[in-house]
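Student: Sharing a model that was predicted from the sequence below.
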Amino acid sequence: MKPHSGTLIIDISGGQKAEAYEGVYQCTARNKHGTAVSNNIVIRQSRSPLWSKEKIDPFIVQEGASLVLPCRPPAGLPPPIIFWMDMSFQRIPQSRRVSQALNGDLYFSNVILDDSRNDYICYARFPHTQTIQQKQPITVRVINSKSSCQRRPMFLVPSETGSTKMVLRGQVLELECIAEGLPTPEISWSKVSGEFPSKRTTFHNFHKTLRITDVSEADAGEYRCTAKNRLASVHHIIGVTVKAAPYWITAPRNLVLAPSETGVLTCRAGGNPKPTITWSMNGIPIENSPKDPSRKVEDDTIIFTDVRTGSSAVYQCNASNEYGYLLSNAFVNVLAEPPRVLTPSDKVYQVIMNKPALLDCASFGSPIPRITWFKDTRSSVLEGDSYVFHQNGTLEIHVAQTTNSGKYTCVATNSLGISENHVYLEVKEPTRILRQPEYWVVQRNRDVVFECKVKHDPSLTPTMIWLKDNGELPDDERFVVDSDSLTIIDVTENDEGTYTCIMNTTLDQDSASASLTVVEATPTPAIIYEQPDAPTDLELTDQRDRSVQLTWIPGDEHNSPIKKFLIQYEDALHQPGIWHNLTEVPGIKTTAHLKLSPYVQYTFRVLALNNVGYSQPSYPSRSYKTKAAAPDENPSEVEAMGTHHDNLVISWKPLTGLQSNGPGLQYKVMWKQMDVENQWASVTVANVSKFVVSGTPTFVPYEVKVQALNDYGSGPEPKVVVGYSGEDFPLAAPNNVQVFVQNSTLAEIHWMPVPPNSVRGRLKGYRVYYMKQRDQHKHNGHHTEQQVLNFSANKTHGKLPGLHPYSSYKLNVRVFNNRGEGPPSPTLQFETPEGVPGPPAFLKVTNPNLDSLTLEWGPPNEHNGKLTGYTLKYQPAMASRQVDIATQGWFIGLMCAIALLILVLLIVCFIKRNKGGKYPVKEKEDAHADPESQPMKDDDVTFGEYSDSEDHKPLKGSRTPSNGTVKRDESDDSLVDYGEGGDGQFNEDGSFIGQYSGKKERDTAEGHESSEAPSPVNAMNSFV
């Protein structure tokens, strides 16, 4: 026995003989409530016995005679399958003349010379044992007959003059007629009194076999087979009788009875002959079972009256006749049970309008519960012609309408209690195709769009399927399927056909078809391109709380394909008269699934765009107001910061009307001190964008969050933002302030940072205030404007650049936050060392003579220390001027212009000039020449050599070292160093021109004007 089941397994793989297990088996199942038994199961071993050996004499027949080759296979279990083959395992050809009978014999209506052969072999295949056996080969010799006489038909099968056939109801009836004759007869069939059942009748074996399946009593009667050739026709009548093994008319069913109830167990069976009915209880014949006064057996019925608890049992009904039997178990359960509704609670039934609706109310109870139905409330019982109440509790509404939608309650009641269940009926709008695909005649290589605009119930999800010629669309990327259209790009002749759109929902469907014809392209006239016409026929479908489907019909493209559609909306509830862009869709689409926000009264319009421009807007669609809902988002840009030392200002960016999702928009502001408080403090405000929390400690962290809410609920859980309460002025000043002077203009300052708790805010940095008190070379003080330098919060030192040399300064350091500065550190004084002095305040020439002049200058405005002397640098200016004039281009041009007129005079002038004419100043310089003076070294001069070949002398009264150089002081200052501009020259009248210059050469531009480089000689004098 198989574990945990009632299956019996017989395993003969161990070598046991199968014959030992042959017999009739029956399964019995029992528990405390009774015993059930199964039908009888017969087990027999499959057999394939060997063919008995025999010697078969050859069949010798005259040409034209009939012939029967017997097969007579051994009886097998189940019977074998017969077929005829030759020695080459080729089937023997069969025809109207040669055919195999149902018993396996091979019949020849007449033989011909070609039938002669010695390998007619009958094979028998036994399917269960998978074996094939063969009969000994049969030899047939056909003798040539010079005069074969034609013969009238004569039946070989059936062989008797009259025959009968019995068949069981439900089985297959096979009638066979085989005739011999020359020429070969033809067989036909008819029913003497009636017609063949057309759907169950077939003819086989070249019309020699009539087969009727699933036989019923109506198939009984006389059947005539007719054999006919050109000489005559003969008939044979076969009487068919139909018997029947038992079959159920009413099988006994399980019966649940309450104590003291009455019930009937019926076992009604048909058959031919009529079956005999016998009863058993718990597998024992009922006549041998314990007597029960509440039970009465009447042939095929058992009547139970005033049953008692504890009389539950399993009853078996056996209906049998000579052709078989039926056995059925029925459990009679005497039970007291309050009602229970078995249909799932709150089940939702969905039906299409004008279709029937069936609402289930399966129940169990003993006594059997009585079912009543209510709608919405239990104020009145449903009744009337529009409702049908089935015995199993089901409520049927013949033609469902939208008014039938709602809540239904079924109540099951018996003497022991009551039970109810609620179900819901939703009546949906039918799916309808509003715009069917149109018939298209399209030029080859053009695009075509089949539209299929559908209206369906918004709560149902549609599925669009496109077919071509009732088959699937070609697997070609040129076929683009959209939600409400089919686009075929670059159509070809192969695309011709019928296209069908099918819109399915879970409850219904609708379909429509159109044809496509492809023609050759024809020349087109000149094309005029314009903006498209406005779309038309805007329609809203699939209306849901957060979305809607918008469909439209495109306007004329005006020879420029539409690239896209722009969908705009107006919110009449929050911003009437203002149109906003919502989305864009490609130009091949005419439907858009739009995502919407709650609590908005939408109106839509569509604009089309081609290469020329936008169309005019379409007429607005009808208005669609979405249901209000709780906010989907919270305010953004939430910040928290104090404006005073004892407050916290929480601010946010308010939601727009479109974001509010419903009326009564408010904000729940929540805050708590970070790491100190566990409970959130909160307040609800409206029409503001900030809230001030007062009485807070100074500069402590707070966690804040702002949540949006309206009349329909609250928004999502807001994010936490950390902010700080207001700041106050710092309490402490930096200490241990030190100054380290780096040079005459730079000092470095150091300080110690203040304690963090004294900052009372966010430390922004340190601020150094410093001010010059006086110059050290001046006795009176001269305060300059106070200067400030800021340093970042992480600094503890910094540099003070741009100080004035040889000056006295004072400074202090303060810490500052967002509120302001703290107290200053103790004032610290320091002094800067000497630095390079500034240039002389002025320089002027007085008493100029031919060989001398007097220079006067003022002390510098910026001493930057104690002055120790001045350095004078100078250079002659006349020679360089002569060179400049002689080399000017205008002078050379002038000479060339007058050369022919004054050639002789010009030669005399040049000769005289070349004899050594000197300037007066030059002669005086020669007369007062200092024999000790020598030219200066190249290292000590910043100018080139003078162009004249004579020696150059210093100014009268000047002093120079014996080595011809002028020593520079440590500051490296000179008149040249502070000068700006040219080379410093004298006019012819002896006045000084130009400015002091520290450049080594003239400006580059002047240097390029002459082919000779100027080479004046510097002369220097030091004065102390």
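Tutor: Thanks, I have the structure now.
Student: Now do the domain split for the protein, please.
Tutor: With the TED database serving as the domain definition, the record reports that the chain contains domains spanning 6-45+838-876, 55-149, 251-334, 342-428, 432-518, 536-621, 636-724, 738-776+784-832.
Student: Same list (those) but as JSON lines, adding mean neighbour count.
Tutor: In short, each C-beta sits where N, CA and C put it, glycine included. Formatted as JSON lines, the domains of the chain follow (neighbours: other C-beta atoms under 10 Å):
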{"stretch": "domain 6-45+838-876", "mean neighbour count": "13"}
{"stretch": "domain 55-149", "mean neighbour count": "16"}
{"stretch": "domain 251-334", "mean neighbour count": "17"}
{"stretch": "domain 342-428", "mean neighbour count": "16"}
{"stretch": "domain 432-518", "mean neighbour count": "17"}
{"stretch": "domain 536-621", "mean neighbour count": "18"}
{"stretch": "domain 636-724", "mean neighbour count": "16"}
{"stretch": "domain 738-776+784-832", "mean neighbour count": "16"}
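Student: With residue 904 as the reference, name the closest of those.
Tutor: Each of the domains of the chain has some distance to residue 904 by C-beta to C-beta; the shortest is domain 6-45+838-876, at 34.8 Å.
Student: re the thing from before, okay, the domains of the chain in JSON lines with mean pLDDT and distance to residue 162 next?
Tutor: As requested, the domains of the chain are exported to JSON lines (pLDDT from 0 to 100; distance: least, C-beta to C-beta, whole Å):
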{"stretch": "domain 6-45+838-876", "mean pLDDT": "84", "distance to residue 162": "35"}
{"stretch": "domain 55-149", "mean pLDDT": "89", "distance to residue 162": "19"}
{"stretch": "domain 251-334", "mean pLDDT": "90", "distance to residue 162": "22"}
{"stretch": "domain 342-428", "mean pLDDT": "89", "distance to residue 162": "53"}
{"stretch": "domain 432-518", "mean pLDDT": "90", "distance to residue 162": "55"}
{"stretch": "domain 536-621", "mean pLDDT": "92", "distance to residue 162": "76"}
{"stretch": "domain 636-724", "mean pLDDT": "92", "distance to residue 162": "92"}
{"stretch": "domain 738-776+784-832", "mean pLDDT": "91", "distance to residue 162": "124"}
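Student: of those domains, which approaches residue 526 most closely?
Tutor: domain 536-621 (10.0 Å).
Student: I'd like the distance between residue 656 and residue 546.
Tutor: Note on residue 656: its distance to residue 546, by C-beta to C-beta, to the nearest Å, is 17 Å.
Student: go on, residue 300?
Tutor: Relative to residue 546, and taking C-beta to C-beta, residue 300 is found at 65 Å.
Student: ok, back up a step: and the domains of the chain: which comes nearest residue 227?
Tutor: domain 55-149 (9.1 Å).
Student: For that closest one, what is the distance to the chain centroid?
Tutor: Remark: domain 55-149 is offset 72 Å from the chain centroid, using C-alpha atoms, centre = their mean, to the nearest Å.
Student: Endpoint to endpoint, it covers what distance?
Tutor: End-to-end distance of domain 55-149: 32 Å, with C-alpha to C-alpha, to the nearest Å as the criterion.
Student: what does stretch 51-58 give?
Tutor: Using C-alpha to C-alpha, the end-to-end distance of stretch 51-58 comes out at 19 Å.
Student: repeat for stretch 398-413
Tutor: Stretch 398-413 has an end-to-end distance of 25 Å (criterion: C-alpha to C-alpha).
Student: you'd agree residue 827 is up against residue 811?
Tutor: Yes. With contacts defined as C-beta atoms under 8 Å, residue 827 counts as touching residue 811 at a distance of 7.1 Å.
Student: wait, which of the domains of the chain is closest to residue 171?
Tutor: Between residue 171 and the domains of the chain, the tightest spacing by C-beta to C-beta is seen for domain 251-334, at 10.2 Å.
Student: pretty sure residue 549 contacts residue 538?
Tutor: No. Under the criterion of C-beta under 8 Å, residue 549 lies out of contact with residue 538, with a separation of 11.3 Å.
Student: Give me the contact list for the host helix or strand of residue 856.
Tutor: Mapping residue 856 onto the secondary structure by DSSP states H and E places it in strand 854-857. Strand 854-857 has contacts (C-beta atoms under 8 Å, 6 or more residues apart in numbering) with 840, 841, 842, 843, 844, 845, 846, 847, 848, 870, 872, 992.
Student: Kindly report the same for stretch 33-45.
Tutor: Taking contacts as C-beta under 8 Å, 6+ apart, the residues outside stretch 33-45 that touch it are 10, 18-19, 21-30, 77, 280-283, 312-314, 316, 325, 327, 329, 331, 333.
Student: check contacts around the residue lying closest to residue 632 once chain neighbours are set aside.
Tutor: With C-beta to C-beta, 6 or more residues apart in numbering as the measure, residue 661 is the residue that lies nearest to residue 632, at 6.1 Å, once sequence neighbours are left out. Counting by C-beta under 8 Å, 6+ apart, residue 661 makes contact with 597, 598, 599, 628, 629, 630, 631, 632, 710, 712.
Student: The fourth one contacts residue 665, doesn't it?
Tutor: No. With the criterion set as C-beta under 8 Å, residue 628 and residue 665 do not qualify as a contacting pair; they are 10.7 Å apart.
Student: Pull up the gap between the nearest residue to residue 309 once chain neighbours are set aside and residue 31, please.
Tutor: On the basis of C-beta to C-beta, 6+ apart, the spatially nearest residue to residue 309 that is not a chain neighbour turns out to be residue 259, at 5.2 Å. Relative to residue 31, residue 259 is positioned 21 Å away (C-beta to C-beta).
Student: For the longest strand along the chain, which strands pair with it and how are they oriented?
Tutor: The strand that spans the most residues within the chain, counting by DSSP state E, is strand 233-250. Based on DSSP bridges, the strands next to strand 233-250 in the sheet, each with its direction, are strand 163-168 (parallel), strand 221-228 (antiparallel), strand 268-272 (antiparallel).
Student: re earlier: what is in contact with residue 628 and residue 665 at once?
Tutor: Taking C-beta under 8 Å, 6+ apart as the contact criterion, the residues that touch both residue 628 and residue 665 are residue 710.
Student: chain center to the lengthiest helix in the chain, what's the gap?
Tutor: Across the chain, the longest stretch assigned as helix under DSSP state H is helix 903-914. Taking C-alpha atoms, centre = their mean, one finds the center of helix 903-914 at 104 Å from the center of the full chain.
Student: again, but for stretch 448-465
Tutor: So, by C-alpha atoms, centre = their mean, the centroid of stretch 448-465 is 22 Å from its chain's centroid.
Student: And stretch 749-769, by the same measure?
Tutor: Stretch 749-769 has its C-alpha centroid displaced from the chain centroid by 55 Å (C-alpha atoms, centre = their mean).
Student: what about that stretch, start to end distance?
Tutor: Chord length of stretch 749-769, first to last residue, is 11 Å (C-alpha to C-alpha).
Student: And stretch 259-276, by the same measure?
Tutor: The straight-line separation of the ends of stretch 259-276 (C-alpha to C-alpha) is 32 Å.
Student: Likewise for stretch 732-752?
Tutor: Looking at stretch 732-752, the gap from its leading to its trailing residue is 11 Å under the measure C-alpha to C-alpha.
Student: And stretch 269-277, by the same measure?
Tutor: Distance across stretch 269-277, first residue to last, is 8 Å (C-alpha to C-alpha).
Student: ok, and what's touching it?
Tutor: For stretch 269-277, the surrounding residues in contact (C-beta under 8 Å, 6+ apart) are 169, 217, 242-249, 267, 299-300, 317-323, 325-326.
Student: ok now that stretch, how far from the chain's centre?
Tutor: For stretch 269-277, the distance to the chain centre is 68 Å (C-alpha atoms, centre = their mean).
Student: what helix or strand is the nearest residue in space to residue 690 that is not next to it in sequence on?
Tutor: Setting aside the residues directly before and after it, residue 690 is nearest to residue 651 in space (C-beta to C-beta, 6+ apart), at 4.0 Å. Counting by DSSP H and E, the element that carries residue 651 is strand 647-653.
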